[in-house]
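Peer 1: Quick one: sequence and predicted model below, then my questions.
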Amino acid sequence: MRQCDSGVALRTLFQNVTLEGRGISSKNMNKLVISNLLHRPVRSLISVLAVAIEVVMILSTVAMLYGQLDDNKTRTSGVGADMIVRPPNASFLSAVSSAAVPAAIAPRVLAKLPHVVAASPVITNLSTGKSLETLWGIDYESFDALKPFVYMSGGPFQGPYDLIVDDVFAQADNGHHVGETLMVLNHKFRICGIVEHGKGGRKFLPITTLGELMSSEGKATLFYLRSDDIRNQELIRKEILATPGMGDYQVQTMQEWLSMMTPEHLPGFTPAVNSVVTIAAIVGFLVIFQAMYTAILERTREIGILKSLGASRSAIVAVVLRETILLTVTGILLGIFMTYGVRAFMNWRMPTIFFEMTPEWMIRGSLIAFIGGVAGAVYPALKASNKDPIDALAYE
């Protein structure tokens with residue numbers, strides 16, 4: 001008989017096939033599967049890495065997208081306000097809205113309403129300079145009245161080109177400190193204070209300065225309100241809408257705004273997630289398909305020997321699928337481990353990007369990779385089971 005390329009696997013086949021019509025026992029089948037995978041270590045390793053990369057792609061993309069969404073929700077709810085007032089037709093995504101209304105509405109109108117304890121005008125500006133970030137222009141006194149800043153070092157603004165940053169940003173890029181000069185919107189700003197994160201943005205500028213740099217002097221993007229009692233929120237809403245010139249303004253409670261911050265309400269969010277998941281699943285499917293299809297071609301004589309010794313079609317399919325399941329499960333576990341490594345790296349190098357790994361998406365990502373891998377092995381498995389033993393034994 002010709003010496004087969006996979007001699008070890010072939011000997012295993014002879015040892016583990018029974019001739020009494022019972023096919024391959026479960027114990028012997030497991031030995032056969034492991035023998036086949038170990039005999040082709042490079043191919044097995046590539047298949048495992050492909051599945052792992054698929055899992056990393058899914059989990060990392062979802063973790064960053066959902067992480068930024070939830071981080072934005074957490075920081076906005078930490079401002080200390082319980083109501084938000086926006087001009088007509090403004091987007092609920094404050095960072096993409098322009099500074100379109102007079103900031104003086106806050107002290108002259110909103111702050112004087114009954115049941116309003118504090119009213120603060122804010123400019124939010126999405127900056128695409130060195131990195132994508134949202135700058136917050138604040139009126140310090142009224143913004144601090146919503147909920148006081150907690151300083152780690154330094155203090156409030158002392159001049160128009162002072163800058164307050166949170167402790168998360170202060171840890172990024174090898175660290176920042178009070179007194180350091182940063183370029184913001186092509187202008188030099190001095191860090192005057194570092195505050196505890198969770199209160200709105202990561203960089204705070206005087207609202208007058210940011211307004212001037214945006215050519216929106218005296219304007220605001222939105223207003224944050226703090227009521228004396230959340231039970232009075234509906235009364236405050238009615239009073240604002242009854243104010244001359246403000247009948248078309250958007251008045252939301254913080255809970256209403258938070259309910260809008262979901263993937264379904266964010267343009268492009270769900271399609272982006274679905275696109276990455278689909279591409280990753282296709283990659284995993286193709287790699288497993290190619291690996292198992294090539295393996296079947298190389299083991300044609302072995303399959304012929306199995307069938308000639310009494311192995312059923314289902315036994316042949318089971319061998320291929322068990323190999324695939326072992327490769328896929330190993331790849332999934334490796335992928336989850338690698339994703340935790342990605343998270344550790346992101347927290348170290350880019351702490352301002354919130355990386356949120358949830359059990360739900362770990363399960364979903366694992367199921368997607370598992371189904372894709374097994375699906376990729378179905379055709380090779382059926383092809384192997386349909387081989388004629390006479391033709392297979394005559395294969396060169």
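Peer 2: All right, it came through fine.
Peer 1: So, low pLDDT: which residues of the stretch 51-200 of the chain?
Peer 2: 91-99, 128-131 (pLDDT under 70).
Peer 1: again, only using 80
Peer 2: Along the stretch 51-200 of the chain, segments meeting pLDDT under 80 span 89-100, 127-132, 173-174.
Peer 1: Tell me which stretches of it form helices.
Peer 2: Ranges of helices within the stretch 51-200 of the chain are 105-108, 140-146, 167-171, based on DSSP state H, counting those that start in this stretch.
Peer 1: Any chance of the ones you listed in a markdown table with mean neighbour count and distance to residue 289 as columns?
Peer 2: To be clear about C-beta, it is placed using only N, CA and C from the backbone, and glycine gets the same treatment. Below are those laid out as a markdown table (neighbours: other C-beta atoms under 10 Å; distance: least, C-beta to C-beta, whole Å):
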| stretch | mean neighbour count | distance to residue 289 |
| --- | --- | --- |
| helix 105-108 | 18 | 62 |
| helix 140-146 | 18 | 57 |
| helix 167-171 | 19 | 44 |
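Peer 1: now the ones you listed as TSV including distance to residue 80?
Peer 2: Below are the helices of the stretch 51-200 of the chain laid out as TSV (distance: least, C-beta to C-beta, whole Å):
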stretch	distance to residue 80
helix 105-108	15
helix 140-146	4
helix 167-171	18
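Peer 1: Would you tell me which of those gets closest to residue 213?
Peer 2: Of all the helices of the stretch 51-200 of the chain, helix 140-146 sits nearest to residue 213, with 17.0 Å by C-beta to C-beta.
Peer 1: ok, residues contacting the closest one?
Peer 2: The contact list for helix 140-146, computed with C-beta atoms under 8 Å, 6 or more residues apart in numbering, reads 79-81, 106-107, 111, 117-122, 156-157, 200, 204, 206, 224, 226.
Peer 1: how about the CA coordinates for that helix, as PDB?
Peer 2: C-alpha atoms of helix 140-146 as PDB (Å, rounded to 0.1, in the frame of the first residue of the first chain):
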ATOM      1  CA  TYR A 140     -18.500  78.300  35.200                       C
ATOM      2  CA  GLU A 141     -20.600  79.800  38.000                       C
ATOM      3  CA  SER A 142     -24.000  78.400  36.800                       C
ATOM      4  CA  PHE A 143     -22.500  75.100  35.600                       C
ATOM      5  CA  ASP A 144     -20.800  74.500  38.900                       C
ATOM      6  CA  ALA A 145     -24.100  75.300  40.600                       C
ATOM      7  CA  LEU A 146     -25.700  72.300  38.900                       C
END
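Peer 1: what's the distance between that helix and the middle of its chain?
Peer 2: Counting by C-alpha atoms, centre = their mean, to the nearest Å, helix 140-146 is centred 33 Å from the centre of its parent chain.
Peer 1: Likewise for stretch 353-360?
Peer 2: Computed by C-alpha atoms, centre = their mean, the chain-centroid distance of stretch 353-360 equals 6 Å.
Peer 1: Next one: residue 318 from residue 383, what distance?
Peer 2: Distance from residue 318 to residue 383, counting by C-beta to C-beta, to the nearest Å: 15 Å.
Peer 1: do residue 326 as well
Peer 2: Going from residue 326 to residue 383 by C-beta to C-beta gives 20 Å.
Peer 1: before we move on, what about residue 369?
Peer 2: Using C-beta to C-beta, residue 369 is found at 23 Å from residue 383.
Peer 1: Ok, residue 156 next?
Peer 2: In this view, residue 156 and residue 383 are 73 Å apart by C-beta to C-beta.
Peer 1: list the contacts for the closest residue to residue 292 other than its chain neighbours?
Peer 2: Distance criterion C-beta to C-beta, 6 or more residues apart in numbering; nearest residue to residue 292, sequence neighbours excluded, is residue 380 at 4.0 Å. Contacts for residue 380 (C-beta under 8 Å, 6+ apart) come out as 289, 292-293, 295-296, 320.
Peer 1: Narrow the residues you listed to those in helices?
Peer 2: 289, 292-293, 295-296, 320 (DSSP state H).
Peer 1: Format those residues as a markdown table; extra columns: distance to residue 35 and pLDDT.
Peer 2: Output for those, formatted as a markdown table (distance: C-beta to C-beta, whole Å; pLDDT from 0 to 100):
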| residue | distance to residue 35 | pLDDT |
| --- | --- | --- |
| 289 | 22 | 82 |
| 292 | 16 | 76 |
| 293 | 20 | 76 |
| 295 | 13 | 73 |
| 296 | 16 | 71 |
| 320 | 14 | 78 |
